[in-house]
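Engineer: 3D, please:
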Amino acid sequence: LSTVAPPPAQAAEPRPADPQADAFAAKATSGARLAYVTTGNAEVDAISKAGLQSLTVFLGQRTALEGGEPLGLDIARDELAFFPLIYWPIVPDAPKPSAQALARVDAYMKQGGTILFDTRDAVEAAPGAETRSPGMVALRGILSSLDIPELEPIPREHVLTKTFFLLRDFPGRFTAGRLWVEAMPAADPDGPDERRPARAGDGQIAAIYAARAARWDAGAGPQAYRGADLVAEALLRMVPDGALDIADAGCGTGLVGALLKSRARRLDGVDLSAPMLERARDKGLYDALVCGDLVGFLAERPSRYDAIACAATLIHFGDLGPPLAAAAAALRDGGVFAATLFPNPDDADAIAVGSLDGLAQGGCFVHGRAYVERAAAAAGFAVEIAEEAVHETQAGRSRTALVVGLRRRPREG
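Structural biologist: Next up, the predicted model:
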């Protein structure tokens with residue numbers, strides 16, 4: 001498991017419409033679902049599905065999860081980012097996935113996705129021979145092509161060893177095993193502290209917003225959610241006139257798009273939630289809508305846009321480096337980027353895990369103003385706006401946002 005953010009993807013032409021992929025996205029994001037990799041072996045696939053169905057029922061009994069039917073995945077074709085957990089049963093005689101398929105798996109894990117690889121033969125293996133079992137040999141062949149970090153066991157008293165209590169009595173739970181995590185490099189005593197890159201998983205975000213799509217627009221307005229207004233106002237302050245090619249990164253149902261449409265020569269939107277995108281599509285605002293990760297979307301479109309709007313989306317990124325680098329790549333020289341974040345009240349120079357009513361399970365972060373300005377400069381931006389404003393009001397309580405407006409510096413050369 002790796003949660004390292006991926007580097008920006010290489011430039012590519014916009015992907016054509018794919019009805020099959022759209023249908024899969026709609027089904028995958030219609031609720032919280034587990035997924036399994038299909039192997040081509042009907043018996044193994046049936047066991048995988050039945051096991052995840054039982055796990056979904058068990059979690060529903062022990063938690064507030066309302067899980068949907070587990071889905072089978074073709075890792076070479078289907079979008080992996082919609083799922084927080086993917087189960088992969090290893091079949092020793094199955095052909096090794098293609099390099100392209102494994103690259104997609106790599107990207108999924110680097111964006112926070114979790115894959116449970118199951119060799120299915122360790123129990124039957126003779127003592128001491130587990131690492132030489134047919135399943136383990138096949139797994140090593142797969143892992144050799146993935147960017148899997150070095151692992152290390154955590155101390156038995158570490159808090160992470162206490163986090164799996166919900167599954168303590170579930171069939172197959174191995175309570176005596178050690179928990180291993182990514183090994184961290186030794187800190188440089190003469191340099192800045194090492195920090196793990198942080199962001200919410202795409203599957204988490206897609207599931208959270210899929211459940212909110214039907215009522216999202218009803219929560220917008222002067223006395224409720226104002227993120228769209230704040231971002232549109234900041235963007236238009238930086239570019240007061242002229243037609244623009246605009247990307248709405250994390251477009252949701254199209255609240256920002258509705259405010260910017262009159263200024264758009266072209267308006268594209270990207271979002272992880274297929275149900276939110278369906279509502280945006282119904283409004284007829286956008287020239288193109290893509291269901292996917294905004295970092296990859298922007299990185300694939302170098303120098304394509306004059307402006308990028310990003311309302312209430314960067315709150316799901318801890319490390320702002322990847323999204324800001326992708327935005328800088330997608331903007332023409334002098335282009336502008338406007339976004340809302342939540343300020344860190346305790347440390348202006350740091351990132352911290354935040355909380356947001358109803359969204360904490362999707363992952364939420366707060367960012368110090370000095371950190372934001374430093375990250376923006378590193379990505380090639382000049383800061384033109386950095387001010388606080390009321391972002392939303394819930395149950396009579398106001399939440400303050402940091403509104404930022406950035407301008408892309410001219411590229412060297």
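Engineer: may I ask you to name the longest helix in this structure?
Structural biologist: Counting by DSSP state H, the longest helix found in the chain is helix 42-62.
Engineer: tell me which helix or strand comes right after it.
Structural biologist: Using DSSP states H and E, the helix or strand that follows helix 42-62 in sequence is strand 71-73.
Engineer: can I assume residue 297 is in contact with residue 249?
Structural biologist: Yes: if you go by C-beta atoms under 8 Å, residue 297 and residue 249 touch, sitting 7.3 Å apart. C-beta coordinates here come from the backbone N, C-alpha and C atoms, glycine included.
Engineer: can you list residues touching both of those two?
Structural biologist: Counting by C-beta atoms under 8 Å, 6 or more residues apart in numbering, the common neighbours of residue 297 and residue 249 are residue 270.
Engineer: for the host helix or strand of residue 260, name the packing helices and strands.
Structural biologist: Per DSSP H and E, residue 260 falls inside helix 255-260. The contact analysis (3 or more C-beta pairs under 8 Å, 6 or more residues apart in numbering; DSSP states H and E) places helix 255-260 against helix 227-238, strand 244-249, strand 264-271, strand 305-310.
Engineer: coming back round to it: looking at residue 297 and residue 249, which one has more neighbours?
Structural biologist: residue 249 (28 against 22; other C-beta atoms under 10 Å).
Engineer: so how far is residue 118 from that one?
Structural biologist: 36 Å (C-beta to C-beta, to the nearest Å).
Engineer: residue ranges of each domain in the protein, please.
Structural biologist: Using the TED database, the domain parsing of the chain gives 19-148, 202-408.
Engineer: using JSON lines, lay out these together with mean pLDDT.
Structural biologist: Output for those, formatted as JSON lines (pLDDT from 0 to 100):
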{"stretch": "domain 19-148", "mean pLDDT": "83"}
{"stretch": "domain 202-408", "mean pLDDT": "88"}
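Engineer: and among these, the most buried is which?
Structural biologist: Greatest average neighbour count among the domains of the chain goes to domain 202-408 (a mean of 20), per mean count of other C-beta atoms under 10 Å.
Engineer: what bridges to the closest residue to residue 235 other than its chain neighbours?
Structural biologist: Leaving aside its sequence neighbours, residue 235 sits nearest to residue 338 (C-beta to C-beta, 6 or more residues apart in numbering; 4.0 Å). Residue 338 has these beta-bridge partners by DSSP bridges: residue 309, residue 405.
Engineer: returning to that earlier point: okay, the helices and strands packed on helix 255-260 in JSON lines with distance to residue 409 next?
Structural biologist: Below are these laid out as JSON lines (distance: least, C-beta to C-beta, whole Å):
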{"stretch": "helix 227-238", "distance to residue 409": "14"}
{"stretch": "strand 244-249", "distance to residue 409": "18"}
{"stretch": "strand 264-271", "distance to residue 409": "23"}
{"stretch": "strand 305-310", "distance to residue 409": "15"}
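Engineer: which among the ones you listed is found nearest to residue 49?
Structural biologist: strand 264-271 (28.6 Å; C-beta to C-beta).
Engineer: show me the contacts for residue 407.
Structural biologist: 238, 334-337, 381-382, 384.
Engineer: over to residue 73?
Structural biologist: Contacts of residue 73 (C-beta under 8 Å, 6+ apart): 35-38, 80, 83, 86.
Engineer: biggest strand in the chain by residues?
Structural biologist: Among the segments of the chain that qualify as a strand by DSSP state E, the longest is strand 381-394.
Engineer: and the angle from it to helix 227-238?
Structural biologist: 150 degrees (axes from the mean of the first three to the mean of the last three C-alpha atoms, to 10 degrees).
Engineer: hmm, who's touching strand 381-394?
Structural biologist: So strand 381-394 is contacted by 223-227, 230, 234, 237-238, 312, 324, 328, 336-338, 340, 342-343, 357, 369, 372-373, 376-377, 398-409 (C-beta under 8 Å, 6+ apart).
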